[in-house]
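Engineer: could you look at this predicted model? Sequence included:
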Amino acid sequence: DTGVSQDPRHKITKRGQNVTFRCDPISEHNRLYWYRQTLGQGPEFLTYFQNEAQLEKSRLLSDRFSAERPKGSFSTLEIQRTEQGDSAMYLCASSLEQHTEAFFGQGTRLTVV
Amino acid sequence: GNSVTQMEGPVTLSEEAFLTINCTYTATGYPSLFWYVQYPGEGLQLLLKATKADDKGSNKGFEATYRKETTSFHLEKGSVQVSDSAVYFCALSINAGKSTFGDGTTLTVKP
């Protein structure tokens, strides 16, 4: 296993378009997290899954954002009607349920123009 | 709520200098504490962790001690190298859930 994988690494989109990001966690990890990081800030929690169940969503996750993990393996994060304020690095992480250590992917950098 | 406050950067040191990056936290509950490092162009990597009071996490010459009485988890290294140049994030997590991060401290080590 090569770790947490995210695709694409970079995405440039026009305002108002929809975008979807994918995260493939470490295979035996049943927890998967999404974070957003803007320049000069630490990662901010968006949502997390235990297997296929979405257990918590941050207030940061507006109605335009939706995340899924349909088979408890990979996850997708969709942003509808993108806004310039959505420009950020979107990070995915995974962990084993009984541990607190999370392993991060390299992120997807979104630029909304 | 939970929060993490880190020493503001950037920090610039000469090679072989002593490093301290301060981190304090507030938490509702009993957190585990972490330092993550982000090298240029790379993702976040766990540097070290501590899960209970007075535990010392260590890795690659870096150390941090979980101080419950001062709610701190300061990162130290006795002799930094140019290759240590990176952004360092302090974080906490409760019950194997989401992590709360500080804003990061950028370290530049000059030869």
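Structural biologist: Yes, it's here.
Engineer: enumerate the residues of chain B near chain A.
Structural biologist: Contact residues (Cβ under 8 Å from any Cβ of the partner chain) of chain B with chain A: B:4, B:32, B:34, B:36, B:42-46, B:49, B:51, B:89, B:91, B:93, B:95-104. All C-beta atoms are positioned from the backbone trio N, CA, C, and that covers glycine.
Engineer: pull the contacting residues for residue 67.
Structural biologist: Using chain A here. Neighbouring residues of A:Ala67 by Cβ atoms under 8 Å, 6 or more residues apart in numbering or on different chains: A:Trp34, A:Leu46, A:Thr47, A:Phe49, A:Gln54, A:Leu61, A:Ser75, A:Thr76, A:Leu77, A:Glu78.
Engineer: that answer is for a different chain, and I need it for chain B
Structural biologist: The neighbours of B:Arg67, taking Cβ under 8 Å, 6+ apart as the test, are B:Ala53, B:Asp54, B:Phe73, B:His74.
Engineer: leaving out chain neighbours, which residue sits closest to B:Gln38?
Structural biologist: Closest residue in space to B:Gln38, ignoring its immediate chain neighbours: B:Val87 at 4.5 Å, by Cβ to Cβ, 6 or more residues apart in numbering or on different chains.
Engineer: in the host helix or strand of the one you found, which residues are buried?
Structural biologist: Secondary structure here is read from DSSP states H and E; on that basis B:Val87 sits in strand B:86-93. Within strand B:86-93, the residues that count as buried by 16 or more other Cβ atoms under 10 Å in any protein chain shown are B:Ala86, B:Val87, B:Tyr88, B:Phe89, B:Cys90, B:Ala91, B:Leu92, B:Ser93.
Engineer: now the residues you listed in JSON lines, with pLDDT?
Structural biologist: Below are these laid out as JSON lines (pLDDT from 0 to 100):
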{"residue": "B:Ala86", "pLDDT": "96"}
{"residue": "B:Val87", "pLDDT": "96"}
{"residue": "B:Tyr88", "pLDDT": "97"}
{"residue": "B:Phe89", "pLDDT": "97"}
{"residue": "B:Cys90", "pLDDT": "97"}
{"residue": "B:Ala91", "pLDDT": "95"}
{"residue": "B:Leu92", "pLDDT": "93"}
{"residue": "B:Ser93", "pLDDT": "89"}
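Engineer: phi and psi next, for the residue of chain B found nearest chain A.
Structural biologist: Across chain B, no residue is closer to chain A than B:Phe101, which sits at 3.2 Å (Cβ to the nearest Cβ). In this entry, B:Phe101 is assigned phi and psi values of phi -110, psi 150 (degrees, to the nearest 10).
Engineer: touching, it and A:Pro43? I think so.
Structural biologist: Yes. B:Phe101 lies in contact with A:Pro43 (Cβ atoms under 8 Å); the separation is 5.0 Å.
Engineer: so what's the residue positioned nearest the centre of chain A up against?
Structural biologist: For chain A, the residue nearest the mean C-alpha position is A:Trp34 (3.5 Å; Cα atoms, centre = their mean). Shown in contact with A:Trp34 (Cβ under 8 Å, 6+ apart): A:Cys23, A:Phe45, A:Leu46, A:Thr47, A:Tyr48, A:Ala67, A:Ser75, A:Leu77, A:Tyr90, A:Leu91, A:Cys92.
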